[in-house]
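A.B. asks: Need coordinates for the following:
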Amino acid sequence: MRDYSYRDSNVLQLQGTNAEQVTIRAKALVFVDPVSQEIHRYLEHVAPSDAPVLIIGETGTGKELVARHIHQLSGRKGPFVAVNCGAISEQLAESELFGHEVGAFTGATMRREGWFESANGGTLFLDEIGDLPLTLQVKLLRVLQEREVVRLGSRKSIPVDIRLVAATNVDLTDAVSAGLFRLDLLYRLNIAQLRLPPLRERPKDIMPLAVHFLGLYSQRLKRLRPEISEAARRALESYSWPGNIREVENVIHFSLLVARESEIRPEHLKLNGVSGTATQAVGAGASKLTPVEQISSAVRTLLDEPGDNLFNELERLIVDEAFRRSRYNQVRAASALGISRNVLRTLLKKHGYLGDKPDELSDGGDREPPNWNLAAAP
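C.D. replies: Residues are numbered from 1 along each chain as shown. Predicted coordinates:
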């Protein structure tokens, strides 16, 4: 069994029987799971360049932490400046990004530099880039091309040297189709793309994150750090974490508030509304049952209060899990389920994964997950 040794709020090491060590920096940014290690290798390759990076991922997956890590690896001497495009007022967005001169608009009583100037020599991180108004997308494109900004109320251009990292949790291609995002800006941003997988796709990061937050909040609460019981560990590792890293932080923080003992147990974990008693029962009994027995027990529970579409829901769950874990490869998914590829294709069509036309994602089966782009950047 590996031991997760907490050292301080910024460094965590994973130690194994062969003295394997993986250092985790930037607070909650971890690279323990093989998927995360692949991402880290990709970041090391693209960070030293000046190419824009587009990070795509669910809420709570750590997109800003990755952006900060890119900045740290880049060697740029200027600051890291983070801007949430979704939180900027549309009326003030241009001033916030590009700055303004005195009298540029009502209330502009002093000169102010924008975020681009503030990040000069460093990295500008634009989170939720898909929420940027179309009028500003045009000006952003010009800034990226000309590498200079013009403040509101001024005609003088100011050179800027910034590395742009943008992030989104929406599909910008769909936004382009809907007329909400400029295609030319997408091309300019999408030179080096990174899909940041959700935590459920990198499960070996779960425990290092849990241990990190356990140490962090133990220090803040000025109490001895408790251990995580085996039952609680199993509950943490088997949970799907829809809120990703942010949810891990909240669950561990809450567990320290309610656990008065020297050990974190399943009943101390608030996992997506699951009661402590139910979580404890799952954790305590999981080690005594085979996976099939656990599924059988869960099905019996579901049958006590059957839904209108229980069979289809279970069928979809199985197909979804197999298809995702095989990285959307039909041959491997069919093999894992012990069915033929034709049967799998029928199920995929039934549950909306494939279209009825031959050219709609149903031509051969073998493909990468959507937006999975870890190829070396140009």
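
A.B. asks: Domains in the chain, by residue range?
C.D. replies: 34-199, 202-288, 291-378 (automatic domain parsing).

A.B. asks: In the chain, which residue sits furthest out from the middle?
C.D. replies: For the chain, the largest distance from the centre (CA atoms, centre = their mean) belongs to G103, which lies 41.6 Å off.

A.B. asks: A strand includes that residue, no?
C.D. replies: No. G103 is assigned coil when assessed by DSSP: H, G, I helix; E, B strand; the rest coil, not a strand.

A.B. asks: And it, what's its pLDDT?
C.D. replies: Looking at G103, its pLDDT reads 78.

A.B. asks: what's near enough to touch the residue nearest to it when sequence neighbours are not counted?
C.D. replies: Counting by CB to CB, 6 or more residues apart in numbering, G153 is the residue found nearest to G103 once chain neighbours are left out, at 6.2 Å. Yep, even glycine has a C-beta here, placed from its N, CA and C like the rest. Counting by CB atoms under 8 Å, 6 or more residues apart in numbering, G153 touches 100-105, 108.

A.B. asks: can we see that at 6 Å?
C.D. replies: 100-101, 104 (CB atoms under 6 Å, 6 or more residues apart in numbering).

A.B. asks: before we move on, the earlier item: check the gap between the residue farthest from the centre of the chain and M110 for me.
C.D. replies: Separation of G103 from M110 (CB to CB, to the nearest Å): 10 Å.

A.B. asks: Quick one: distance of stretch 36-48 to the chain centre.
C.D. replies: Centroid separation for stretch 36-48 versus its chain: 15 Å, with CA atoms, centre = their mean, to the nearest Å.

A.B. asks: comparing the domains of the chain, which gets the lowest mean pLDDT score?
C.D. replies: Ranked by mean pLDDT, the domains of the chain bottom out at domain 291-378, with a mean of 70.

A.B. asks: in the stretch 51-200 of the chain, which spans are strands?
C.D. replies: 53-57, 80-84, 123-127, 148-150, 157-159, 163-168, 192-196 (DSSP state E, counting those that start in this stretch).

A.B. asks: Now do the first one: which elements does it pack against?
C.D. replies: In this structure, strand 53-57 packs against helix 63-74, strand 163-168, strand 192-196, with contacts taken as 3 or more CB pairs under 6 Å, 6 or more residues apart in numbering; DSSP states H and E.

A.B. asks: what about the closest residue to G122 other than its chain neighbours, neighbour count?
C.D. replies: Counting by CB to CB, 6+ apart, G78 is the residue found nearest to G122 once chain neighbours are left out, at 2.7 Å. By other CB atoms under 10 Å, the residues close to G78 number 17.

A.B. asks: wait, isn't G78 in contact with G121?
C.D. replies: Yes. Counting by CB atoms under 6 Å, G78 does reach G121; the two are 2.7 Å apart.

A.B. asks: re earlier: residues in contact with the residue nearest to G122?
C.D. replies: Contact partners of G78, counting by CB under 6 Å, 6+ apart, are 120-122.

A.B. asks: CA atoms of stretch 146-156 as CSV?
C.D. replies: The C-alpha trace of stretch 146-156 is given here as CSV (Å, rounded to 0.1, in the frame of the first residue of the first chain):
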residue,chain,number,x,y,z
GLU,A,146,-0.6,43.1,-33.5
ARG,A,147,0.7,42.5,-30.0
GLU,A,148,-0.4,46.0,-29.0
VAL,A,149,-3.4,47.6,-27.2
VAL,A,150,-5.1,51.0,-27.5
ARG,A,151,-6.7,52.4,-24.4
LEU,A,152,-10.2,53.8,-24.5
GLY,A,153,-10.0,57.5,-25.3
SER,A,154,-6.6,57.2,-26.8
ARG,A,155,-5.1,56.8,-30.3
LYS,A,156,-1.7,55.7,-29.1
